[in-house]
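> Model the following, please.
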Amino acid sequence: MKLGLQLGYWGAGPPTNAAELVAAAEESGFDAVFAAEAWGSDAFTPLAWWGSATDRVRLGTSVVQMSARTPAACAMHALTLDHLSGGRFVLGLGVSGPQVVEGWYGRPFAKPLARTREYVSILRQVLAREAPVVNDGPHYPLPYRGPGELGLGKPLKPITHPLRADLPIWLGAEGPKNVALTSEIADGWLAIYYAPRLSGMYEEWLAEGFAKSGRSRETFEVAATCQVVVTDDPAPVRAMLKPFVALYIGGMGAPGMNFHAEVFTRMGYGEAVADIGRLFLAGRKDEAAQAVPDELVAEISIVGTAEHVREEIGRWEKAGVTMLLVGCRDVASIKAVSEACQ
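The predicted structure is shown next:
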């Protein structure tokens with residue numbers, strides 16, 4: 001099982017110990033370090049800054065939001081970081097949600113699957129650098145055709161030759177259609193919440209995409225967010241995780257369109273999801289956290305003794321996961337998780 005350190009996105013300010021966490025992850029044998037973005041810090045800059053002190057770990061985005069950048073601009077970021085890191089960059093993309101896309105980026109959220117397909121197609125063209133990049137789709141037309149056009153747009157190839165035409169592109173996906181699209185057009189799936197119990201369902205979704213594209217499951221990566229904590233007393237840790245779960249269920253989406261909430265409903269926690277959402281939207285966030293079932297937290301995390309962690313990691317691996325994205329926040333935790341995986 002590979003390990004990836006998830007630095008996440010910043011709160012009110014940058015984390016004070018990120019550099020030492022990245023160094024510890026590389027020293028402890030982690031495969032990769034990831035950065036994310038919401039509506040504050042971006043994901044590319046931290047990887048360039050802290051990643052410049054690394055030699056081996058892969059540097060990935062988990063995820064960058066598609067509406068934040070045009071496909072060509074995103075490809076420029078990716079090929080630049082891939083050169084600077086010596087071919088260690090992984091581009092993780094996600095559509096985000098309508099509140100962020102329309103409220104922060106000022107872009108329409110409709111037809112996320114079609115937008116994703118076009119976006120990735122343009123990225124592949126840029127990275128291949130075989131011909132000037134063109135796209136006839138309605139979401140990212142190249143050259144631009146629409147209101148205000150001068151009609152002078154010219155198809156271009158990137159000036160800088162990409163280091164790798166096959167730079168890995170992973171997609172953050174949660175629903176069945178999005179996961180199937182991921183296995184069809186991408187190289188990996190970033191699963192924000194994953195339950196090994198449902199691995200058969202996930203594999204069916206993935207198989208649909210593989211059947212369309214002819215891609216191989218053997219070379220496809222499944223990177224699942226999973227808090228891994230080595231401890232003799234798991235109860236306080238699981239209690240600490242509940243507010244974060246409640247935030248995603250109740251606060252990271254709009255009423256009637258919350259993809260994270262739908263994930264947990266598919267897991268069989270529909271009644272709890274409804275309660276958590278109601279409490280969170282009413283401003284009763286502490287009660288919303290308390291309403292998160294213990295068994296839900298246990299399903300999406302690995303918390304316990306080193307022996308328990310080792311056994312659970314084996315179970316997740318058998319369920320199809322190739323990498324665990326862990327959010328360790330101190331060096332001791334990074335070392336403990338690494339040792340438990342050996």
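
> State the helix or strand in which Ala211 lies.
Per DSSP states H and E, Ala211 falls inside helix 199-213.

> Just checking the distance from that helix to the centre of its chain.
On the basis of C-alpha atoms, centre = their mean, to the nearest Å, the separation between the geometric centre of helix 199-213 and that of its chain is 19 Å.

> Over to stretch 271-279?
The chain centroid and the centroid of stretch 271-279 are separated by 25 Å under C-alpha atoms, centre = their mean.

> cool, stretch 286-306 as well?
21 Å.

> which parts of that stretch are buried?
Neighbour-count burial for stretch 286-306 flags 288-289, 291-293, 296-304, 306 (criterion: 16 or more other C-beta atoms under 10 Å). No exception for glycine: its C-beta is placed from N, CA and C like everyone else's.

> okay, how far is it across it, tip to tip?
30 Å (C-alpha to C-alpha, to the nearest Å).

> which residues of the stretch 101-250 of the chain fall in helices?
With DSSP state H, counting those that start in this stretch as the criterion, the stretch 101-250 of the chain has helices at 112-128, 176-185, 199-213, 234-250.

> Mean pLDDT per helix and strand in this protein: which one sits at the bottom?
In the chain, no helix or strand scores lower on mean pLDDT, DSSP states H and E than helix 259-266, which sits at a mean of 85.

> that older thread, give me the angle between the helix holding Ala211 and helix 176-185.
Interaxial angle, helix 199-213 versus helix 176-185 (axes from the mean of the first three to the mean of the last three C-alpha atoms, to 10 degrees): 50 degrees.

> Minimum distance to Asn258: which of the helices of the stretch 101-250 of the chain has it?
Across these, Asn258 has its closest neighbour in helix 234-250 (7.3 Å, C-beta to C-beta).

> wait, doesn't Glu26 sit right on Val57?
Yes - under the criterion of C-beta atoms under 8 Å, Glu26 makes contact with Val57 at 4.7 Å.

> shared neighbours of these two, which are they?
Val33 (C-beta atoms under 8 Å, 6 or more residues apart in numbering).

> When the two are compared, which one has more neighbours?
Taking other C-beta atoms under 10 Å, Glu26 and Val57 do not tie; Val57 has more neighbours (23 against 20).

> Quickly note the distance from that one to Glu317.
Plainly put, Val57 is 20 Å away from Glu317 if you go by C-beta to C-beta, to the nearest Å.

> before we move on, back to that, tell me the first helix or strand C-terminal of the least confident helix or strand of the chain.
helix 270-281.

> Please name the residues that touch Tyr248.
Each residue near Tyr248 by C-beta under 8 Å, 6+ apart is listed here: 192-193, 260-261.

> and if you look at Pro255?
Contacts of Pro255 by C-beta under 8 Å, 6+ apart are 277, 281.

> could you check the angle helix 112-128 makes with the least confident helix or strand of the chain?
110 degrees.

> Can you list the helices and strands that helix 259-266 packs against?
Using 3 or more C-beta pairs under 8 Å, 6 or more residues apart in numbering; DSSP states H and E, the elements in contact with helix 259-266 are helix 234-250, helix 270-281.

> what's the spacing between the nearest residue to Lys177 once chain neighbours are set aside and Gly11?
In this structure, Lys177 finds its nearest non-sequential neighbour in Leu113, 6.1 Å apart by C-beta to C-beta, 6 or more residues apart in numbering. Distance from Leu113 to Gly11, counting by C-beta to C-beta: 31 Å.

> Over to Leu5?
Applying C-beta to C-beta to Leu5 and Gly11 gives a distance of 18 Å.

> Who has more neighbours out of those two?
For Leu5 and Gly11, the more surrounded residue by other C-beta under 10 Å is Leu5, and the numbers stand at 25 against 10.

> if I pick the residue nearest the centre of the chain, what's in contact with it?
Nearest to the geometric centre of the chain sits Ser62, at 3.5 Å (C-alpha atoms, centre = their mean). Neighbouring residues of Ser62 by C-beta under 8 Å, 6+ apart: 4, 6, 34-36, 43, 92, 170, 172, 190, 223, 325.
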